[in-house]
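Asker: Sharing a sequence plus its predicted fold:
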Amino acid sequence: MKNKFYKYIENLQNTITSKLEEVDGLAKFEEDIWERKEGGGGRTRVIENGNVFEKGGVNISAVYGDLPEVLRNQFKVKEGNFFACGLSLVLHPKNPFVPTVHANWRYFEMYDEAGNIVNQWFGGGQDLTPYYLFDEDATHFHTVCKSACDKHHPAFYPKFKKTCDEYFWNSHRNEARGIGGLFFDYQKKTEEFSIEDRFNFVTEVGNSFLESYVPIVEKRKEIGFTKEHKDWQEIRRGRYVEFNLVHDRGTLFGLKTNGRIESILMSLPPIVQWKYNHHPEKNSEEERLTQILKSPKEWI
């Protein structure tokens, strides 16, 4: 399964980066192959200063070795080996009317002393962070997410949508990071689902990513914008940074397990503003966004 899923994310990275270069029309992804001294490595691809994408990354990695202390504590084991692989992407567009997007699909195995698999699961999801909210874009994104889920179980979309709303929550601001999507973790073998079923579900979601995001980019990328629009985008990007550095489990895990800093912090936008006690104008589009982010909404 680990070889099968790693092959899948290798191909998916190629598919996604090729399509995004086509959408951008100017910038190309720069590739960086890296190794982890404890075992494994990855293939980082970053795009910068494009027509459409100000900064973005589509990364894959596969790491293995002794369980780091943080994982031994989490799983309440004294020792053990692990394997983890996944694809993680974040795209920060130049135009404030195009939303930022994040997605991640991953697989984990844990072994006993004899090398037998004692635990394995899939995780992942995708979520959208607009700066100016077009309701039809939120509906489109969620419709594609629901369609992928419904092919596997009718309970998946409402469950994983709710989990996403709860996870991407900036509790210190009491607001959502964006308008959500899907988030799922610890998708293990059960009586109802085999590990193959879990693989089929996660790859279904991964394969739907471009359909969920690219039409929104194409629709909004040519909208004219002012410095005021850009300022608002950069202020909201600050909230994105706050979430990633304060709450995001993946970021914190990477920092605690001697992860590769450049790949971990690839998710951060290039230019951000923090203005003291900033509030948008009353009855503005900016205020409308902040009001909607105060409580999760059903988009479909």
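Answerer: Received, thanks. Residues are numbered from 1 along each chain as shown.
Asker: Grab the longest helix from this structure for me.
Answerer: helix 195-220 (DSSP state H).
Asker: Tell me the helices and strands packed up against that helix.
Answerer: Helices and strands touching helix 195-220, by 3 or more Cβ pairs under 8 Å, 6 or more residues apart in numbering; DSSP states H and E, are helix 2-24, strand 81-93, strand 100-111, strand 117-129, helix 135-150, strand 180-187. C-beta coordinates here come from the backbone N, C-alpha and C atoms, glycine included.
Asker: list the contacts for the residue nearest the centre of the chain?
Answerer: Note on the chain: the residue nearest the mean C-alpha position is residue 103, at 2.7 Å, using Cα atoms, centre = their mean. Listed by Cβ atoms under 8 Å, 6 or more residues apart in numbering, the contact partners of residue 103 are 87, 88, 89, 124, 125, 126, 127, 206, 209.
Asker: same thing but at 6 Å, please
Answerer: Contact analysis of residue 103 by Cβ atoms under 6 Å, 6 or more residues apart in numbering lists 89, 126, 209.
Asker: what about the residue lying closest to it once chain neighbours are set aside, how many residues close to it?
Answerer: Nearest residue to residue 103 in three dimensions, chain neighbours excluded: residue 126, at 3.8 Å (Cβ to Cβ, 6 or more residues apart in numbering). Number of residues near residue 126 (other Cβ atoms under 10 Å) recorded here: 25.
Asker: Residue 104 now?
Answerer: 19.
Asker: nearest residue to it other than its sequence neighbours?
Answerer: residue 88 (4.5 Å).
Asker: which residues does the one you found bridge with?
Answerer: residue 59, residue 104 (DSSP bridges).
Asker: and it, how many neighbours does it have?
Answerer: The tally of other residues near residue 88 (other Cβ under 10 Å) stands at 24.
Asker: buried ones in the longest helix of the chain?
Answerer: Residues of helix 195-220 classed as buried: 195, 198-199, 201-206, 208-210, 212-214, 216-217, 220 (neighbour count, 16 or more other Cβ atoms under 10 Å).
Asker: ok, the closest residue to residue 17 other than its chain neighbours - contacts?
Answerer: Nearest residue to residue 17 in three dimensions, chain neighbours excluded: residue 29, at 4.8 Å (Cβ to Cβ, 6+ apart). For residue 29, the contact set (Cβ under 6 Å, 6+ apart) comprises 17, 45, 47.
Asker: possible to save the residues you listed as CSV with neighbour count, pLDDT and distance to residue 257?
Answerer: Listed next are the contacts of residue 29 as CSV, based on neighbours: other Cβ atoms under 10 Å; pLDDT from 0 to 100; distance: Cβ to Cβ, whole Å:
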residue, neighbour count, pLDDT, distance to residue 257
17, 20, 98, 26
45, 22, 97, 22
47, 23, 98, 26
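Asker: which of those residues lies closest to residue 75?
Answerer: Among these, residue 45 lies closest to residue 75 (Cβ to Cβ), at 31.4 Å.
Asker: Confirm that the closest one sits in a strand.
Answerer: Yes - the assignment for residue 45 by DSSP: H, G, I helix; E, B strand; the rest coil puts it in a strand.
Asker: quick one, phi psi at the closest residue to it other than its chain neighbours?
Answerer: Once flanking residues are discounted, residue 45 sits nearest to residue 29: 4.1 Å by Cβ to Cβ, 6+ apart. Per-residue torsions, residue 29: phi -70, psi 130 (degrees, to the nearest 10).
Asker: Offset the numbering so it begins at 49, please.
Answerer: Sure thing, new numbering starts at 49, so read that last one as residue 77.
Asker: Touching, residue 153 and residue 254? I think so.
Answerer: Yes - counting by Cβ atoms under 6 Å, residue 254 is a contact partner of residue 153 at 4.7 Å.
Asker: got a list of contacts for the lowest-mean-pLDDT helix or strand in the chain?
Answerer: Every helix and strand of the chain was ranked by mean pLDDT, DSSP states H and E. The lowest is helix 117-123, at a mean of 78. For helix 117-123, contacts defined as Cβ under 6 Å, 6+ apart pick out residue 304.
Asker: one more time with 7 Å
Answerer: Residues from elsewhere that reach helix 117-123 (Cβ atoms under 7 Å, 6 or more residues apart in numbering): 126, 130, 158, 301, 304, 305.
Asker: how much space is there between the second one and residue 81?
Answerer: As defined by Cβ to Cβ, to the nearest Å, residue 130 lies at a distance of 22 Å from residue 81.
Asker: of the contacts of helix 117-123, closest to residue 61?
Answerer: residue 301 (20.6 Å).
Asker: Since that was my last question, I'll sign off now.
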